[in-house]
Each structure stands twice: as structure tokens, then as C-alpha cells.
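Peer 1: Give me coordinates for this.
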Amino acid sequence: RGGVQELEYRRFPPLPALPRSFVYLPKCFSSVLASCPKKPVSSYLRFSKEQLPIFRAENPDAKPTELIRRIAKLWRELPDSKKKIYQDAYRADWQVYKEKISRFKEQLTPNQITSLEKEIMDRHLKRKAMTKRKELTLLGKPKRPRSAYNIYVADRFQEAKGDSPQEKLKTVKENWKNLSDSEKELYIRLAKEDEIRYHNEMKCWEEQMIEAGRKDLLRRTIKQRQKYGAEEYYK
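Peer 2: Numbers count the residues shown, from 1 in each chain. Coordinates of the predicted model:
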């Protein structure tokens with residue numbers, strides 16, 4: 001089958017790649033920032049990085065979520081005396097970092113310090129966002145549901161008229177606007193089905209995160225979930 005009917009019998013194709021002009025490319029950081037001392041990793045992250053290769057070697061077929069769940073469980077059950085080893089190592093590294101950063105700033109002018117602090121903050125926010133995205137991908141967080149328009153774009157982009165991605169997107173956008181309500185109905189229905197898929201997958205995924213001790217990744221707190229009930233929580 002072809003056209004709209006075919007959409008009911010296959011998986012949603014990926015959205016087309018945006019042209020380079022649409023993609024944000026971060027500028028390189030200054031040489032001052034490049035030579036700035038790096039902060040030490042936390043106690044748990046140090047432990048996790050140490051254990052992950054071991055767990056992966058012992059369980060080559062295990063999913064990342066399962067490995068992280070096991071490591072988190074092992075950390076929670078670790079005696080305080082052994083946790084203290086990692087905590088002491090972090091404190092020692094932090095003290096060294098403070099001394100290094102202090103000596104480093106002594107070599108800079110006031111303007112350089114101000115510029116450095118701003119760049120550090122910008123880099124921290126970008127890295128935090130990137131790390132969070134990578135972590136969620138690694139943990140298998142379900143992809144958000146597509147809108148009816150996004151499904152239409154993915155279905156029609158390749159056959160759209162235009163010599164460039166921008167022109168194709170413009171054509172698809174105009175064609176979508178000109179569709180009748182009945183023609184849009186299929187895409188609206190598919191979007192609703194994808195939303196149901198998303199909520200069902202998120203429910204299972206969040207239960208896995210609770211078991212792994214990662215309540216910080218839930219959409220709402222456990223307290224809210226218990227207050228409103230599971231049915232209301234996943235609406």
C-alpha cells in the first residue's frame with residue numbers, strides 16, 4: 001500500500017535531519033578556560049565508574065538500566081566504613097582542586113576572572129543538559145510522543161517538492177495547512193496512539209527508576225504520586 005494508508009502498517013519513520021544552518025554549534029571555549037583545573041567527581045560517581053566495567057563484564061547481556069540498578073543497590077548496601085573510603089578520596093581531591101583553582105585565579109586579571117566565571121557557568125549548564133540527555137538515553141527513557149504534524153512531516157518529507165531541506169519543510173508545512181479535517185484525522189489518531197504508548201512506557205520506566213533508587217528522574221515526586229493515585233499521576 002502507499003500514501004496515507006501505508007502509515008498504518010509501518011513504524012513511524014524518523015524525522016528528517018535538519019540542515020546545518022538549523023543546528024546550534026557551540027563556540028569553542030577560551031584558552032583560559034581550557035587550562036582551568038577540573039572539579040573532582042562525586043563519591044558515588046567514582047564508585048559507579050569503578051564498578052560499571054566489572055558488572056558489564058560479569059553480565060554482558062544485561063541492559064544499562066539493570067546494571068545501574070545493581071550498582072545503586074550495591075552502593076546503598078555498602079557499609080559506612082567502605083563508603084568513607086570514597087568520601088575521603090573526594091574530600092582530598094576537592095581540597096587539591098581548591099588549591100589549584102586559587103593559584104590559577106591569582107594569575108588572572110579581574111576581567112579574565114569575570115569572563116572565566118561566566119564561561120564556567122555556561123559550560124556547566126551545557127554539560128549538565130548534555131549529560132542528562134545522555135544519561136536518560138542510556139537508561140532507556142521512552143521517547144516523547146509525536147504530534148500529528150510531526151508524524152505528517154516524517155511521512156511526507158522525502159517526497160515533498162524542493163531542492164533543499166528548508167524548501168521541503170516549507171512545502172510540507174503548507175501542505176499540512178491545506179489538509180482537510182478528515183485528511184488530518186488519521187495523523188491525529190496516530191498521535192493519540194503514540195501518546196498512549198508513551199504513557200504506558202513511562203509508567204514501566206519510572207517503576208524501574210524507583211527500583212534503581214533514581215527517584216530524581218521521575219516526572220513528579222513519589223509523594224504526589226501517592227497523593228493523587230497512579231491513575232491520576234499518569235494522566
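Peer 1: only C-alpha atoms for contact and neighbour calcs from this point on.
Peer 2: Fine.
Peer 1: so the residue nearest the centre of the chain is in which element?
Peer 2: Taking C-alpha atoms, centre = their mean as the criterion, Arg133 is the residue nearest the geometric centre of the chain, at 1.7 Å. Assigned by DSSP states H and E, Arg133 falls within helix 110-138.
Peer 1: next one: that helix to chain centre, how far?
Peer 2: For helix 110-138, the separation from the chain centroid amounts to 15 Å (computed by C-alpha atoms, centre = their mean, to the nearest Å).
Peer 1: What's the mean pLDDT across the following helix or strand past it?
Peer 2: Once the chain leaves helix 110-138, the next helix or strand it forms, by DSSP H and E, is helix 148-156. For helix 148-156, mean pLDDT is 93.
Peer 1: Mind listing what's buried along the next helix or strand after helix 148-156?
Peer 2: Following helix 148-156 in sequence order, the next helix or strand is helix 165-178 (DSSP H and E). For helix 165-178, burial by neighbour count (16 or more other C-alpha atoms under 10 Å) applies to 165, 168-172, 176.
Peer 1: cool, stretch 60-72 as well?
Peer 2: 65-72.
Peer 1: chain center to that stretch: distance?
Peer 2: 18 Å.
Peer 1: Could you do stretch 82-99 as well?
Peer 2: Its chain's average C-alpha position is 28 Å from that of stretch 82-99, according to C-alpha atoms, centre = their mean.
Peer 1: how distant is the strand or helix carrying Ile54 from the center of its chain?
Peer 2: Element membership of Ile54, judged by DSSP H and E, is helix 43-58. Centroid displacement of helix 43-58 relative to its chain, using C-alpha atoms, centre = their mean, is 21 Å.
Peer 1: Which secondary structure elements does it sit against?
Peer 2: Helix 43-58 sits against helix 64-77, helix 80-106, with contacts defined as 3 or more C-alpha pairs under 8 Å, 6 or more residues apart in numbering; DSSP states H and E.
Peer 1: Would you mind getting the angle between it and helix 80-106?
Peer 2: Orientation of helix 43-58 against helix 80-106 (axes from the mean of the first three to the mean of the last three C-alpha atoms, to 10 degrees) gives an angle of 120 degrees.
Peer 1: in helix 43-58, what counts as buried?
Peer 2: Buried, per 16+ other C-alpha under 10 Å, within helix 43-58: 43-44, 47-48, 51-52, 55.
Peer 1: quick check: mean pLDDT across that helix?
Peer 2: 90.
Peer 1: now swap in stretch 132-140 and tell me
Peer 2: Mean pLDDT, stretch 132-140: 83.
Peer 1: Equivalent analysis for stretch 108-121, please.
Peer 2: Averaging pLDDT along stretch 108-121 gives 83.
Peer 1: Could you identify which of the helices and strands packed on helix 43-58 is most buried?
Peer 2: Of the helices and strands packed on helix 43-58, the one with the most neighbours on average (mean count of other C-alpha atoms under 10 Å) is helix 64-77, at a mean of 17.
Peer 1: hang on, the earlier thing: out of the buried residues of helix 43-58, the closest to Lys215 would be?
Peer 2: Comparing the buried residues of helix 43-58 against Lys215 with C-alpha to C-alpha places Tyr44 closest, at 15.7 Å.
Peer 1: Might you report the residue contacts of the closest one?
Peer 2: Tyr44 sits next to 75, 86 when contact means C-alpha atoms under 8 Å, 6 or more residues apart in numbering.
Peer 1: gap between it and Ala57?
Peer 2: Distance of Tyr44 to Ala57, given as C-alpha to C-alpha, to the nearest Å: 20 Å.
Peer 1: go on, Leu136?
Peer 2: From Leu136 to Ala57 the distance is 22 Å (C-alpha to C-alpha).
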